[in-house]
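Undergrad: dropping a prediction and its sequence here:
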Amino acid sequence: MNHRTAACFVAAAALLVAACGDDDTASDATSSPTTEASAATAAPATTSAEVTETTEMAMVDSTMPATTAASASMATEYPLTIDNCGRELTFDGPPQKVLILNGTSVAEVETFIALGLEDNILANSQSYGQSDIEGMAEQIAALPTGGLTLNENFEVPKEQTLALEPDFVISTWAGGFSEAMGSVTRDELDELGIASYVPAVNCAYGEENPRPEDAEVYANQTYEASFDLVREIGVIFDVQERAEAFIADAEAKIEAASQAAPADPAKVLVAYPGMSMMNPNGIPQVFAGPFSDSIIEAAGGVNSFDGFASFNDSTTINAEALAAAEVDVLVVGLFLPGEDAATYAAGIFAQFPQWEAAKNNRFISIAESFYLGPHNAVAIDKIAGAIASIG
């Protein structure tokens, strides 16, 4: 993970959820997506006290075949033209030299892996220190990096992007293509005939003058935005059958979790202790806002801080608000190497022993499956399992 200062860490964690979409600073093109190294060194070492959890859901087999007829009907016809954030992108064939910018995200690189597109990656700069998917960290580490050296904003510098001569550049947010980040702009790439792309859900994030329709999508997103990303990458690279099979499998898992939901929704609190520096109140960063709420609700719960208009609003939560919150299940978020959910949970429960979750030592851990990305079904299933354990 990246680091610079505590102030930059705040922007980083905000962007983490902006990848999920919950942030109300869509017009702030100068926000810097970074993380804090000192948090990594302070994180507790993993211990055997970790609660055993099922992560075998992992990835859907990206080689899953569709029927011949379905595959033929889904085939992309090139040249393909799509609208992306108001820009017209035309592809004469599947891009072969893809550069994935950092943006404190793994949504895009994990989508490529899920769809079996690793060989199309020229250079990847995305990575996290934790994953809910067995072997994912190793798969990402094995991808080519192009010898990239990130700049002070922890993004790929313009000069390095151009030197790689990619044919497709992807950023998780519009601000990843801003001069303020030291990055190449979309206009500059257009002039060179290089396609650039931002997931539709984040077209407004970091854009100075976003289209109203992009701002609306950004403000009202749910985990369905992750499927939109998978589906559109599938079309661009002519692997729609893989994309639709992956989505269908994920939706089936989500449906199964939803059907098992109790009539009385449990109160679920999602907190990332390693992101505590982004909260001015010095508490674990609570995840709230539409994207977070949609995952918890699909699992049969309700966010302990339900109804926040955006993730950014959750930074106003203080210790008093946490003490007064109803929490049946604690979801401990992990994203830095060495973080341990059991150690974090013990500390949080000691501070808030009045919670039902604390009285019953009821917690699970979540990593990247809670953010924008192809594996939200994993988070939903894990949370649903914890809710079912209440009895």
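TA: The structure has been received and is ready for your questions.
Undergrad: longest helix in the protein, please.
TA: Secondary structure of the chain per DSSP state H: the longest helix is helix 240-259.
Undergrad: who are the packing partners of the next helix or strand after that one?
TA: For helix 240-259, the succeeding helix or strand toward the C-terminus, using DSSP states H and E, is strand 266-272. Of the remaining helices and strands, those touching strand 266-272 by 3 or more CB pairs under 8 Å, 6 or more residues apart in numbering; DSSP states H and E are strand 285-286, helix 290-298, strand 301-303, strand 329-333, helix 376-388. Just so you know, the C-beta spots here come from the backbone N, C-alpha and C atoms, and that holds for glycine as well.
Undergrad: 6 Å - rerun?
TA: In terms of contacts (3 or more CB pairs under 6 Å, 6 or more residues apart in numbering; DSSP states H and E), strand 266-272 is packed against strand 329-333.
Undergrad: I'd like the next helix or strand past the strand it packs on.
TA: Tracing the chain past strand 329-333, the next element assigned as helix or strand by DSSP H and E is helix 341-351.
Undergrad: buried set for that next one?
TA: Residues of helix 341-351 classed as buried under the neighbour-count rule (16 or more other CB atoms under 10 Å) are A341, A342, T343, Y344, A345, A346, I348, F349.
Undergrad: how many other residues sit next to A141?
TA: Other residues lying near A141 total 10 when counted by other CB atoms under 10 Å.
Undergrad: check the gap between it and S131 for me.
TA: The gap separating A141 from S131 is 11 Å, by CB to CB, to the nearest Å.
Undergrad: next: Y218.
TA: Y218 sits at a distance of 26 Å from S131 (criterion: CB to CB).
Undergrad: neighbour count for the two, which is higher?
TA: Y218 (27 against 24).
Undergrad: can you pull the contacts of the closest residue to that one other than its chain neighbours?
TA: In space, not counting the residues next to it along the chain, Y218 is nearest to A204; the distance is 4.0 Å by CB to CB, 6 or more residues apart in numbering. Taking CB atoms under 6 Å, 6 or more residues apart in numbering, we find A204 in contact with A26, P210, D214, A215, Y218.
Undergrad: compare those residues and tell me which is most surrounded.
TA: Neighbours here mean other CB under 10 Å. Within these, the largest count is held by Y218, at 27 neighbours.
Undergrad: quick check, pLDDT for M74.
TA: pLDDT, the model's per-residue confidence, is 79 for M74.
Undergrad: check the gap between it and D238 for me.
TA: Here the criterion is CB to CB. By it, M74 lies 9 Å from D238.
Undergrad: go on, D328?
TA: From D328 over to D238 the distance is 45 Å, taken as CB to CB.
Undergrad: likewise for A325?
TA: Remark: distance between A325 and D238 (CB to CB) = 47 Å.
Undergrad: what of L122?
TA: Using CB to CB, one obtains 18 Å as the distance from L122 to D238.
Undergrad: and for P337?
TA: Using CB to CB, we find P337 at a distance of 36 Å from D238.
Undergrad: do L148 as well
TA: On the measure of CB to CB, L148 and D238 end up 27 Å apart.
Undergrad: just E155 next, same as before
TA: Following CB to CB, the distance that separates E155 from D238 is 29 Å.
Undergrad: next one: M136
TA: For M136, the distance to D238 - CB to CB - is 24 Å.
Undergrad: neighbour-wise, which of these two wins?
TA: When M136 and D238 are compared on other CB under 10 Å, the one with more neighbours turns out to be M136, at 25 against 18.
Undergrad: what's the closest non-adjacent residue to the more buried one?
TA: The shortest distance from M136 to any residue other than its chain neighbours is 6.8 Å, reached at E110 (CB to CB, 6+ apart).
Undergrad: outside of the helix or strand harbouring that neighbour itself, list whatever touches it.
TA: E110 belongs to helix 107-114 when assigned by DSSP H and E. Counting by CB under 6 Å, 6+ apart, the neighbours of helix 107-114 from elsewhere in the structure are 19, 59, 62, 100, 124, 126, 139-140, 170, 172, 229-230, 233, 246, 372-374.
Undergrad: helix or strand right after that helix?
TA: Read in the C-terminal direction, the helix or strand following helix 107-114 is strand 121-124, with elements assigned using DSSP H and E.
Undergrad: list the buried residues in that next one.
TA: Under 16+ other CB under 10 Å, the buried positions of strand 121-124 are I121, L122, A123, N124.
Undergrad: quick one: the helices in the stretch 51-200 of the chain?
TA: Per DSSP state H, counting those that start in this stretch, the stretch 51-200 of the chain has helices spanning 68-74, 107-114, 136-141, 158-164, 186-191. These are given in chain order.
Undergrad: perfect, I'm done here.
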